[in-house]
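Student: Make a model of this:
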Amino acid sequence: MSRIGKYPIEVPKGVTVTLSGQDVAVKGPKGELKLTLVDDVTVEQGEAGLTVAPREDTQRARAMWGLSRTLVKNLVDGVTEGFSKTLEINGVGYRAAIQGKNLQLNLGFSHEVLYPIPEGIDIKCTKPTEVVVSGIDKQKVGQVAAEIRGYRAPEPYKGKGVKYAGEYIFRKEGKKK
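Tutor: Numbers count the residues shown, from 1 in each chain. Predicted coordinates:
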């Protein structure tokens with residue numbers, strides 16, 4: 001039995017949810033998101049909010065129950081508050097800046113990296129060594145942050161590279177003479 005799936009999803013004021021079969025559309029102050037759920041679960045709107053339940057008592061239906069509930073909750077949270085990830089850049093000469101519709105990254109390569117900002121994502125450089133990725137789609141925000149981090153992941157000896165804010169980098173001792 002899913003411990004996550006059994007809780008109802010509270011729908012705040014100003015958010016409208018449209019259910020049609022397995023399609024869930026959520027519209028709120030920040031925008032609109034849509035999701036198609038798997039056939040193993042059902043979604044119903046009631047007094048307490050949205051409830052997700054498995055259609056049958058199978059292993060797959062129980063597995064999809066908690067997942068589907070979390071995906072729908074992320075839709076509701078995204079159109080009300082949005083999501084953001086902060087990246088920190090460590091290293092001498094490593095910096096980031098917004099250049100038109102691109103994110104310009106200087107990460108120690110012989111060339112600068114230009115990352116085109118996808119639609120629906122907002123990127124801000126509050127400092128030259130800090131990048132804030134925000135948007136209403138949690139999956140897209142996480143994917144963009146992971147792609148930016150992937151250009152120069154932090155290395156274990158000096159800690160140089162792009163890391164998530166609050167991420168712990170396991171440091172190694174250098175070569176002994």
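Student: from here on, contacts and neighbour counts on C-alpha atoms
Tutor: OK.
Student: Give me the distance between the two termini of stretch 164-175.
Tutor: Its start and end residues considered, stretch 164-175 measures 27 Å (Cα to Cα, to the nearest Å).
Student: now swap in stretch 4-13 and tell me
Tutor: Taking Cα to Cα, stretch 4-13 runs 23 Å from one end to the other.
Student: Quick check: longest helix in this structure by residues?
Tutor: In the chain, taking DSSP state H as the definition, the longest helix is helix 59-80.
Student: average pLDDT across that helix?
Tutor: Averaged across helix 59-80, pLDDT comes to 93.
Student: How about the contacts made by K172?
Tutor: 156-157 (Cα atoms under 8 Å, 6 or more residues apart in numbering).
Student: how close does it get to Y151?
Tutor: 21 Å.
Student: Also L107?
Tutor: On the measure of Cα to Cα, L107 and Y151 end up 8 Å apart.
Student: Between the two, tell me which one has more neighbours.
Tutor: Legend: neighbour count by other Cα atoms under 10 Å for L107 and Y151, higher for L107 (22 against 15).
Student: what's the closest non-adjacent residue to the more buried one?
Tutor: In space, and not counting its chain neighbours, L107 is closest to Y94: 4.8 Å by Cα to Cα, 6 or more residues apart in numbering.
Student: burial measure for the one you found, as a count.
Tutor: For Y94, the tally of surrounding residues (other Cα under 10 Å) stands at 17.
Student: same thing with V162?
Tutor: By the criterion of other Cα under 10 Å, V162 has 27 neighbours.
Student: go on, K13?
Tutor: Count around K13 with other Cα under 10 Å applied: 9.
Student: Need phi/psi at it.
Tutor: Main-chain torsions, K13, degrees, to the nearest 10: phi -70, psi 140.
Student: Thank you kindly, that will do.
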